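Asks: For reference, the sequence and a predicted model appear below.
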Amino acid sequence: MKHFSARRVAFIAIVIVFAGSCSGCALGAAGMVTTIAPMVAEGSAQIIGSQVAMQQSGDTGATKEENADKCDQLVRVPIGVEEIRKTKAGVIESRQWKIAETSGDPIWIVARTQTEDAPEDAWQPKPGIANLLFNPPLFQMLKPGEPEYLAYAPADVVNVSDSEQFDSMTGAFGAGVGTFKWRDRTYSYVLVKHLPCFKPEKEK
């Protein structure tokens, strides 16, 4: 136990990486990306996965052509994905995305709620998102009229499923940007400009 703690403390010291500027990069690429997940993740496999994600950071995520195994894992082990935007009035809205398997390649589709008052484009205000203790603060990172995709997975790993979700997120979306808390659990999140691996459905 003491050996693992020392290793984790040593890795926590390396929590900031600088990413080169490029168009379409994950949020923070023009400055710095802080990898928070390794600070709270449990297990050496989790730390190794985070180190790999840090080295591969700097793009909008995996592509089907170059990272077929990572994209296949994203299909096998789905994670939470929300498209987030801030309106000019300063209101944060979101809509959920998921992967649908078709006769051809899988595609990203909007997960629409089956209620009469649900908007057709699935965008809905999320006033309670400020209570999730985003670190860094999500509100400050979003620019009005420029939506981004937020992917998240458990950071405080307690079982195999948590570990697989974390690996699925970092493998497809890249290194973590920060953390938030929901129902007393810590989650690592990533922000990217475009969905990785598969094409999104066409807007109606």
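Replies: Done, it's in.
Asks: Going by C-alpha atoms from here, please, whenever you check contacts or count neighbours.
Replies: Fine.
Asks: Need the CA coordinates for whichever strand or helix holds Ser168. PDB is fine.
Replies: Here Ser168 sits within helix 160-173, counting by DSSP states H and E. The C-alpha trace of helix 160-173 is given here as PDB (Å, rounded to 0.1, in the frame of the first residue of the first chain):
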ATOM      1  CA  VAL A 160     -13.900  -3.000 -13.400                       C
ATOM      2  CA  SER A 161     -16.800  -1.200 -15.100                       C
ATOM      3  CA  ASP A 162     -15.500   2.200 -13.800                       C
ATOM      4  CA  SER A 163     -12.000   1.400 -15.100                       C
ATOM      5  CA  GLU A 164     -13.300   0.400 -18.500                       C
ATOM      6  CA  GLN A 165     -15.400   3.600 -18.800                       C
ATOM      7  CA  PHE A 166     -12.400   5.700 -17.900                       C
ATOM      8  CA  ASP A 167     -10.200   3.900 -20.500                       C
ATOM      9  CA  SER A 168     -13.000   4.200 -23.100                       C
ATOM     10  CA  MET A 169     -13.200   8.000 -22.500                       C
ATOM     11  CA  THR A 170      -9.500   8.700 -22.600                       C
ATOM     12  CA  GLY A 171      -8.900   6.400 -25.500                       C
ATOM     13  CA  ALA A 172     -11.400   8.000 -27.700                       C
ATOM     14  CA  PHE A 173     -11.600  11.600 -26.400                       C
END
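Asks: got the buried residues for that helix?
Replies: Residues 162-173 are the ones in helix 160-173 that count as buried (16 or more other Cα atoms under 10 Å).
Asks: which one of the residues you listed sits closest to Trp182?
Replies: Top of the list for closeness to Trp182, among the buried residues of helix 160-173 and by Cα to Cα, is Asp162 at 14.5 Å.
Asks: how about the strands of this protein, start to end?
Replies: 16-18, 32-34, 80-86, 92-100, 107-110, 124-125, 148-154, 178-182, 185-192 (DSSP state E).
Asks: my guess is Lys199 meets Trp108, correct?
Replies: Yes - using Cα atoms under 8 Å as the test, Lys199 is close enough to Trp108 to be in contact (6.1 Å).
Asks: Compare these two (neighbour count), which wins?
Replies: Trp108 (18 against 15; other Cα atoms under 10 Å).
Asks: before we move on, the earlier item: out of the strands of the chain, which is closest to Leu133?
Replies: Per Cα to Cα, nearest to Leu133 of those: strand 178-182, 5.2 Å.
Asks: helices or strands up against the closest one?
Replies: Packing contacts for strand 178-182, counted by 3 or more Cα pairs under 8 Å, 6 or more residues apart in numbering; DSSP states H and E, involve strand 185-192.
Asks: Using PDB, write down the CA coordinates of the strand it packs on.
Replies: Presented in PDB, the C-alpha positions along strand 185-192 are these (Å, rounded to 0.1, in the frame of the first residue of the first chain):
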ATOM      1  CA  ARG A 185     -18.900  10.600  -6.900                       C
ATOM      2  CA  THR A 186     -16.000  12.300  -8.700                       C
ATOM      3  CA  TYR A 187     -16.000  12.200 -12.500                       C
ATOM      4  CA  SER A 188     -13.300  13.100 -15.000                       C
ATOM      5  CA  TYR A 189     -14.400  15.200 -18.000                       C
ATOM      6  CA  VAL A 190     -13.100  16.100 -21.400                       C
ATOM      7  CA  LEU A 191     -14.100  18.900 -23.800                       C
ATOM      8  CA  VAL A 192     -13.700  18.600 -27.500                       C
END
